[in-house]
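# predicted model follows, preceded by the sequence.
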Amino acid sequence: MTPPKERLFTPYQILIIALLAILQFIIILDFMVLSPLGAILIPTLKITPAQFGLVVSAYAFSAGASGLLAAGFADKFDRKKFLLFFFVGFLIGTLLCAIAPTYELLLAARIVTGIFGGVIGSVSFAIITDLFKLEVRGRVMGYTQIAFGASQILGLPIGLMLANRFEWHAPFWMIVIFGAGLGLVILFYMKPVTAHLAATEKQNAFKHLLSNISNSLHIRAFISTILLSTGGFMLMPFGSAFSTNNLGLTLQQLPILYLVTGLFGITLGPLIGKLADTMGKFKLFALGSIVSIAMVAIYTRLGVTPLWICMVLNVILFAGINARMVSASALISAIPALPDRGAFMSINSSIQQISGGIASFVAGLIVVQAPSGLLERYDLLGYVVIGSMIVATGLIYWLDNFVNQKHKV
């Protein structure tokens with residue numbers, strides 16, 4: 001009689017994975033919902049693509065700045081309390097978006113949301129790194145990556161339907177209500193996360209921040225993050241406008257496109273995470289990069305295209321992007337030592353947000369809208385994204401070699 005297989009995760013770890021995945025779902029949805037809303041916001045608020053790009057990048061810039069300011073203190077507090085503080089602030093910022101009547105006030109509300117929302121992802125990754133071994137971290141990242149697919153299956157279609165049925169504020173109300181419920185569950189069911197406190201008790205916050213920024217190994221990881229975030233922030237903000245104006249899809253077809261893409265994202269997330277642990281982080285990253293490069297080259301040059309072809313291309317593109325993000329996140333999480341995890345993740349998240357904000361703003365300057373409504377020079381964005389993917393692959397290869405040597409010792 002064969003002995004029963006040992007459980008990969010404890011019941012409490014499963015709860016933590018679920019809570020962090022739902023948390024990521026809310027944070028990602030808050031950012032991603034702006035992309036499909038772009039097709040509604042640009043004409044409703046009478047703004048230009050560059051102004052819309054600024055709304056997207058404002059969140060990123062404020063998130064990056066707050067992450068850097070919080071980095072020195074990130075390892076000095078119970079990670080649960082740290083997480084709840086910033087999550088409450090994030091919900092307040094989203095509430096301000098839900099009641100903003102003008103472009104200027106929406107821009108200000110996005111800045112407030114970014115100040116708090118930008119730190120949440122880094123705290124979540126620090127908690128994952130504290131509670132899960134590297135050997136299973138790819139799976140954990142894969143499960144949390146389900147948030148991207150879920151935001152498309154549940155969040156974006158519902159958000160778009162609410163916006164079409166009522167008006168563009170409605171999706172933000174949905175996020176606030178759902179987020180408040182999650183916050184209560186985290187408050188009552190998540191245990192304190194304090195294993196790092198003993199090693200950081202006497203650290204000076206400024207010196208702690210400086211030592212993490214100046215670490216040469218950390219710098220290479222940060223550069224990789226810059227390149228990884230460039231693609232998404234450049235292409236995503238104008239995805240809905242490109243779909244409706246260039247690909248010929250209607251506002252009613254957009255929820256279907258996101259629904260199908262998200263459904264495959266949820267299905268593939270755990271599989272991608274398992275592949276990252278079994279076949280190797282870099283091998284999966286390289287495969288995802290090849291797929292992504294091919295799809296970006298095709299997608300950004302399309303004209304009017306049937307919905308089913310758009311679905312197929314989107315599914316393949318997001319599969320490639322998810323493979324890159326899951327494998328890279330699991331790999332980068334292995335770089336910092338225990339006393340530096342919170343600071344490293346916070347700085348890494350800040351760099352991701354700031355570089356993404358710059359990329360989004362630059363994308364708004366590159367893309368122009370013709371009098372007919374067509375977005376022009378979208379293919380140029382594709383070339384920039386492809387270039388960043390190629391360089392990122394080289395850096396991830398170096399980091400993979402370092403992590404492998406580190407865990408052999």
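Structure received.
# centre of the chain versus the helix or strand where G38 lies, how much separation?
Assigning secondary structure by DSSP states H and E places G38 in helix 34-44. From the chain centre to the centre of helix 34-44 is a distance of 20 Å (C-alpha atoms, centre = their mean, to the nearest Å).
# list the buried ones in whichever helix or strand A221 is part of?
For A221, the host element (DSSP H and E) is helix 216-235. For helix 216-235, a neighbour-count test (16 or more other C-beta atoms under 10 Å) marks 218, 220-235 as buried. C-beta coordinates here come from the backbone N, C-alpha and C atoms, glycine included.
# go on, stretch 106-119?
Within stretch 106-119, judged by 16+ other C-beta under 10 Å, the buried ones are 106-119.
# switch those residues over to a markdown table; also include secondary structure.
Shown next, in a markdown table, are the buried residues of stretch 106-119 (DSSP: H, G, I helix; E, B strand; the rest coil):
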| residue | secondary structure |
| --- | --- |
| L106 | helix |
| L107 | helix |
| A108 | helix |
| A109 | helix |
| R110 | helix |
| I111 | helix |
| V112 | helix |
| T113 | helix |
| G114 | helix |
| I115 | helix |
| F116 | helix |
| G117 | helix |
| G118 | helix |
| V119 | helix |
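# which of those has the weakest pLDDT?
Across these, the smallest pLDDT goes to G118, namely 78.
# for L254, list the residues it contacts.
P36, A39, L160, S240, S243, T244 (C-beta atoms under 8 Å, 6 or more residues apart in numbering).
# if I look at it, how far off is M161?
10 Å (C-beta to C-beta, to the nearest Å).
# what do you get for F73?
41 Å.
# quick check: angle from the helix holding G38 to helix 216-235?
For helix 34-44 against helix 216-235, the angle by axes from the mean of the first three to the mean of the last three C-alpha atoms, to 10 degrees is 40 degrees.
# tell me where the stretch 201-350 of the chain has strands.
Taking DSSP state E, counting those that start in this stretch, the stretch 201-350 of the chain contains no strands at all.
# pLDDT below threshold where in it?
201-206, 208-209, 231-233, 237, 338-339, 341 (pLDDT under 70).
# L380 - how many residues pack around it?
Residues lying near L380 (other C-beta atoms under 10 Å) number 13.
# tell me the contacts of it?
Applying C-beta under 8 Å, 6+ apart, the residues near L380 are I366.
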